[in-house]
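[1] Test case, fold it:
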Amino acid sequence: NTEFERIIKDFNLVRSRLMVLKSKSCYSIHQDPGWRLHIPIKTNPGCLFYFPDHKEHFHLEEGKVYKVNTTERHTFINASFTDRIHFIGCLYG
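    The predicted structure follows:
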């Protein structure tokens, strides 16, 4: 009976989790097997999705829900002095 459980059921998510990206760090450029739902819980303007093949970056704002095509090559950059926290779930089907 949590908000996370409601979101998982409403969006039919699998492999859902909270992900923390430490300050001043990033992920390697990679592709995921499917689309992901991202809900920023703690973020700031220094936290960016980057898609190198398109030379585009996006800041995901707190309080919004994003469906992200993570089958495209991407990374996430935290160029700030605070940790970033997202609730992430894999979209099923």
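[2] What sits closest to the residue sitting nearest the centre point of the chain if chain neighbours are left out?
    Central residue of the chain (CA atoms, centre = their mean): residue 38, 4.2 Å from the mean position. Leaving aside its sequence neighbours, residue 38 sits nearest to residue 66 (CB to CB, 6 or more residues apart in numbering; 4.5 Å). For glycine as for every other residue, the C-beta is placed from the backbone atoms N, C-alpha and C.
[3] Report pLDDT for that neighbour.
    Reported pLDDT at residue 66 in the predicted model: 98.
[4] I figured it hits residue 60, correct?
    Yes. Judged on CB atoms under 8 Å, residue 66 makes contact with residue 60 at a distance of 5.3 Å.
[5] ok, the two, which is more surrounded?
    Between residue 66 and residue 60, counted using other CB atoms under 10 Å, the more crowded position is residue 60 (18 against 15).
[6] SS state for that one?
    At residue 60 the chain is in coil, as set by DSSP: H, G, I helix; E, B strand; the rest coil.
[7] show me what contacts it?
    38, 40, 43, 47, 49, 66, 86 (CB atoms under 8 Å, 6 or more residues apart in numbering).
[8] Show me what counts as buried in the helix or strand that the residue nearest to the centre of the chain is a member of.
    In the assignment (DSSP states H and E), residue 38 maps to strand 36-42. For strand 36-42, a neighbour-count test (16 or more other CB atoms under 10 Å) marks 36-40 as buried.
[9] Kindly report the same for stretch 50-63.
    50-51, 60.
[10] on that earlier part again, looking at the contacts of residue 60, spot the one nearest residue 78.
    Closest approach between the contacts of residue 60 and residue 78, by CB to CB: residue 47, at 5.2 Å.
[11] Now do the helices in the protein.
    Counting by DSSP state H, the chain has helices at residues 3-11.
[12] need the contacts of residue 60 in CSV with distance to residue 15, can you?
    What follows is the contacts of residue 60, written out as CSV (distance: CB to CB, whole Å):
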residue, distance to residue 15
38, 13
40, 18
43, 21
47, 22
49, 19
66, 17
86, 14
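[13] and the two most separated of these?
    47 and 66 (12.5 Å).
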